[in-house]
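J.: below: sequence and its predicted model.
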Amino acid sequence: MMNAAARIEADDVATLMRRIGANARAAARQIALADPAVKNAALHAMAQSIRAHAADILSANSDDVAEARGRQQIESFIDRLTLTPERVESIAAAVEAIAELPDPVGRLLARFERPNGLLIERVATPLGVIGVIFESRPNVTADAGALCVKAGNAAILRAGSDSFRTSSVIADAMREGLGWAGLPQDAICLVPTRDRAAVGAMLSGLDNAIDVIVPRGGKSLVARVQSEARVPVFAHLEGLCHVFVHGSADLAMARNIVLNAKMRRTGVCGSAETLLIDRAVAHTHLVPLVESLLAAGCAVRGDNMVQAVDSRVTPASDEDWRTEYLDAIIAVRVVDGLDEAIAHIETYGSHHTDCIVATDEAAAERFLAEVDSAIVLHNASTQFADGGEFGFGAEIGIATGRMHARGPVGVEQLTSFKYRIHGSGQTRP
């Protein structure tokens, strides 16, 4: 049973969250009707404010990073958390890039006339209030807030405790930009507490204030959200990404793609976690690919054939095929052709991002058609799993579900639609 102090604290969080929800709902109504030019002015003002507060952002980030190091977090986690002057500028530039995108609200999606003369239009509309729950990457604060505003939505953001200080300063800067443009600052609200009760409150829907929840984080966070949420969820499962080197693959291309897919940034969701090599080219491709990974500082866990390449390769367990390392570790397996590669991905993958390296176009087409992932690539690194690389300006995350949004969630994915019907006095017989 809760003691009195704990009960009061929980009540305070519940009251706080209800107030945030009510304020966001009121702001959403105004943002939904805002002129595109005003929304764009607000986004440019947000970027300006982020730049103006860069020193404050970096100072807060230094404290977050120091705390994470004190808890002995792994280096890939530290990399996701760490901001530099260049990364702060990239955050501001991404907000500006979102401003330059076509406005998604009011798009005419379909238009048709019925035999009775009714003219029916399907038109894009904002979703409303979007709750975003994320973990260590503070840039998500700006990406999510800016994308929501561009799409005419309000955003309630719940940052992980690891990035709480940094995210709070970024959110304050964005709210300042909204104010400069004359839009309601409550269109972006970062939950001002680390109390986990705030997550539960968001999952309840905040008295119907939240229209959709977007979780962006590890498996346990997404599982909790999917289990407890009383509002729709855009699922963003872990990035258990694969690269399959087909029997027709060019070795030089395969080496470049594998190294980039794994080692460019090991802590991002598009980082390759499993390498599958076709037995047909194991005698020519296996050794150079494994040795390249080891030389780059990547730990390799493999099956018996892979272990025979180098004494530094350790045995891969069944759990390794299911693990998102987010670190300089990769699991490697030799498979009997395309069928076994697809079967492996279907068994162990997370439907996020998977790649085939092949010169055989027919094999590549089969892979692209049969691998049921949000993003499938032919002869390109899995690290292209990023909304910015898709031309979306930024993303809230990579949705791995099948309903409404899939792949990078940008401004178009943050809209719904309604039907507008024009008549001339028709009545239904």
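T.: Received it, and whenever you're ready, just let me know what you need.

J.: show me what counts as buried in stretch 49-62.
T.: 49-51, 53-54, 57-58, 60-61 (16 or more other C-beta atoms under 10 Å). Where you see a C-beta, it was placed from the backbone N, CA and C, and this is true even at glycine.

J.: which residues touch that stretch?
T.: 81-85, 88-89, 91-92, 95, 138, 142, 165-166, 168-170, 172-174, 176-177, 180 (C-beta atoms under 8 Å, 6 or more residues apart in numbering).

J.: can you select the buried ones from those in PyMOL?
T.: A single PyMOL command is used to select the members of these judged buried by 16+ other C-beta under 10 Å:
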select buried, resi 81+82+83+88+91+92+95+138+142+165+166+168+169+170+172+173+174+176+177+180
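
J.: how near is His246 to Val290?
T.: For His246, the distance to Val290 equals 17 Å [C-beta to C-beta, to the nearest Å].

J.: Ile98 now?
T.: 41 Å.

J.: and Thr400, by the same measure?
T.: 29 Å.

J.: quick one: name whatever helix or strand follows the helix or strand harbouring Arg175.
T.: Using DSSP states H and E, Arg175 sits within helix 164-180. Heading C-terminal from helix 164-180, the first helix or strand you meet, by DSSP H and E, is strand 188-190.

J.: so which elements touch that next one?
T.: Strand 188-190 makes packing contacts with helix 4-32, helix 139-150, strand 154-158, helix 164-180 when contacts are defined by 3 or more C-beta pairs under 8 Å, 6 or more residues apart in numbering; DSSP states H and E.

J.: I'd like the next helix or strand past the first one.
T.: Secondary structure here is assigned by DSSP H and E; on that basis, the next helix or strand after helix 4-32 toward the C-terminus is helix 36-52.

J.: distance from that following helix to the middle of the chain?
T.: 22 Å (C-alpha atoms, centre = their mean, to the nearest Å).

J.: end-to-end on stretch 386-398?
T.: Terminal residues of stretch 386-398 lie 8 Å apart, using C-alpha to C-alpha, to the nearest Å.

J.: excluding its backbone neighbours, what's nearest Trp321?
T.: Tyr348 (4.3 Å; C-beta to C-beta, 6 or more residues apart in numbering).

J.: roughly how far apart are the one you found and Thr323?
T.: Taking C-beta to C-beta, one finds Tyr348 at 9 Å from Thr323.

J.: ok, back up a step: the residue nearest to Trp321 touches Glu238, doesn't it?
T.: No: using C-beta atoms under 8 Å as the test, Tyr348 is too far from Glu238 to be in contact (11.6 Å).

J.: any idea which element Ala331 lies in?
T.: Here Ala331 sits within strand 329-335, counting by DSSP H and E.

J.: likewise for Ala380?
T.: Going by DSSP H and E, Ala380 is not part of any helix or strand.

J.: next, count neighbours for it.
T.: Each residue near Ala380 was counted by other C-beta atoms under 10 Å, and the total is 15.

J.: who are the contact partners of it?
T.: 257, 355.

J.: also the one 3 residues further on?
T.: By C-beta under 8 Å, 6+ apart, the residues touching Gln383 are 260-261, 264-265, 268, 270-271.

J.: got any ranges where the stretch 1-150 of the chain has weak pLDDT?
T.: The model of the stretch 1-150 of the chain has pLDDT under 70 over residues 1-11.

J.: can you do 80?
T.: 1-11, 76, 136 (pLDDT under 80).

J.: buried ones among the contacts of Gln383?
T.: 260-261, 268, 270-271.

J.: between those, which is closest to Leu206?
T.: Checking the buried ones among the contacts of Gln383 against Leu206 by C-beta to C-beta gives Val268 as the nearest, at 30.6 Å.

J.: so which residues of the stretch 251-400 of the chain form helices?
T.: 251-263, 287-295, 304-307, 337-348, 361-370 (DSSP state H, counting those that start in this stretch).

J.: rewinding a little: what does the strand holding Ala331 rub up against?
T.: So strand 329-335 is contacted by 244, 262, 272-279, 282, 286, 289-290, 293, 298-303, 305-306, 313, 316, 320-321, 323, 341, 344 (C-beta under 8 Å, 6+ apart).

J.: what about 6 Å?
T.: For strand 329-335, contacts defined as C-beta atoms under 6 Å, 6 or more residues apart in numbering pick out 262, 274-277, 279, 282, 298-303, 305-306, 316, 320-321, 341.

J.: just these: which are in strands?
T.: Among these, the members found in strands (DSSP state E) are 274-277, 299-302.

J.: that older thread, angle of the strand holding Ala331 against helix 337-348?
T.: 140 degrees (axes from the mean of the first three to the mean of the last three C-alpha atoms, to 10 degrees).

J.: now strand 329-335: average pLDDT?
T.: For strand 329-335, the mean per-residue pLDDT is 98.

J.: and the buried residues of stretch 49-62, which two are furthest apart?
T.: So, the buried residues of stretch 49-62 by C-beta to C-beta: farthest apart are Ser49 and Asn61, at 16.4 Å.

J.: how is the chain divided into domains?
T.: 4-234+409-421, 241-384 (automatic domain parsing).

J.: can I get these in CSV with distance to Phe390?
T.: Output for the domains of the chain, formatted as CSV (distance: least, C-beta to C-beta, whole Å):
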stretch, distance to Phe390
domain 4-234+409-421, 7
domain 241-384, 8
